[in-house]
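> 3D, please:
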Amino acid sequence: MDTMMKDIEWARINKDVLGSLESPRITFWIVLAVCSVLVMLGVAAEVYQYNNGLGVALMDRPHFWQLYISNFIFWIGMSHSGTLLSAVLLLTKADWRKPIYRFAEAMTLFAVAGALVGGGLFYAVGEAFYRLSGKKKEYLGFGDVMLMLMVGFYLGPPLTLMTVLLGSLGGTLFALPLTIASSRFRNYQWPYATFLGIAAIYTSLWGAALLNAYLRWAGFA
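Next comes the predicted model:
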């Protein structure tokens, strides 16, 4: 009896899979036509922007073109993470795998939150100082924003904030003595991304242990 029920389930799966290979209905062609029009409009908009500059998109800063790169990496990375795994397991109706795709969905939300914390924080700070300076000087490069966007996507909100803290602390401890000791470093622009990258590597390896130790010391765990 059990063997017969399993055969019936597999027959239903085969029927559903093979059903997707049948001749599409009119709804499919309508949706395909609408999507094709949207793609062509997007291509036309990109060509127009390439020819006329970023000003047509209300982007008046030279480094704003990097926003497209960060968006592309962000959405491609998210689409290839837990969302894909969750969809596959859901479509196959794998009930025993529900904890797996629930974890995958949580992982995706956690990654998105981390990316917003990392990239959003740096973008907000950079934009605030840029406007306070009268749009004359960029105090925080957009490369730092893209770096923290990816760090946040990988590490999540808590460890992303730890990366910012450790990177800032490490950069200060390294640059301050040299600035005091030698006048050649007084006006030197230190690369913030270098210290953030080192901090991100450390945090990805030992950040969880450091965070747990701090929570225990503070009495929160």
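> Pull out the buried residues from the strand or helix carrying residue 41.
Assigned by DSSP states H and E, residue 41 belongs to helix 26-52. For helix 26-52, a neighbour-count test (16 or more other C-beta atoms under 10 Å) marks residue 49 as buried. To be clear about C-beta, it is placed using only N, CA and C from the backbone, and glycine gets the same treatment.
> do the same with stretch 196-207
196, 198, 199, 200, 202, 203, 207.
> what about the longest helix along the chain, average pLDDT?
Longest helix in the chain by number of residues (criterion: DSSP state H): helix 98-132. Across helix 98-132, pLDDT averages out at 78.
> what's that helix packed up against?
helix 66-79, helix 82-91, helix 142-155, helix 157-181 (3 or more C-beta pairs under 8 Å, 6 or more residues apart in numbering; DSSP states H and E).
> now, which of the buried residues of stretch 196-207 sits nearest residue 133?
Closest approach to residue 133 among the buried residues of stretch 196-207 (C-beta to C-beta): residue 196, at 22.0 Å.
> roughly how far is the host helix or strand of that closest one from the heart of the chain?
If you go by DSSP H and E, residue 196 is part of helix 192-218. Its chain's C-alpha centre and that of helix 192-218 lie 19 Å apart, by C-alpha atoms, centre = their mean, to the nearest Å.
> What is it packed up against?
helix 142-155, helix 157-181.
> Report the mean confidence score over it.
88.
> do stretch 23-31 as well
83.
> Identify the residues contacting that stretch?
Where contact means C-beta atoms under 8 Å, 6 or more residues apart in numbering, no residue beyond stretch 23-31 reaches it.
> Can you give the distance from that stretch to the centre of its chain?
On C-alpha atoms, centre = their mean, the centre of stretch 23-31 falls 34 Å from that of its chain.
> In a markdown table: the helices and strands packed on helix 192-218, plus distance to residue 52, mean pLDDT and mean neighbour count.
As requested, the helices and strands packed on helix 192-218 are arranged in a markdown table below (distance: least, C-beta to C-beta, whole Å; pLDDT from 0 to 100; neighbours: other C-beta atoms under 10 Å):
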| stretch | distance to residue 52 | mean pLDDT | mean neighbour count |
| --- | --- | --- | --- |
| helix 142-155 | 21 | 82 | 23 |
| helix 157-181 | 36 | 90 | 16 |
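> Which one of the ones you listed lies nearest to residue 44?
Comparison of the helices and strands packed on helix 192-218 against residue 44 by C-beta to C-beta identifies helix 142-155 as nearest, at 25.9 Å.
> Now do the closest one: which elements does it pack against?
Contacts defined by 3+ C-beta pairs under 8 Å, 6+ apart place helix 142-155 against helix 66-79, helix 98-132, helix 157-181, helix 192-218.
> Could you pull out the buried residues of the second one?
Of the residues in helix 98-132, those scored as buried under the neighbour-count criterion (16+ other C-beta under 10 Å) are 101, 104-105, 107-108, 110-119, 121-123, 126, 130.
> coming back round to it: for residue 135, which of the helices and strands packed on helix 192-218 is the nearest?
It's helix 142-155; of the helices and strands packed on helix 192-218, that one is closest to residue 135 (C-beta to C-beta) at 14.6 Å.
> Return the angle between stretch directions for the closest one and helix 192-218.
For helix 142-155 against helix 192-218, the angle by axes from the mean of the first three to the mean of the last three C-alpha atoms, to 10 degrees is 40 degrees.
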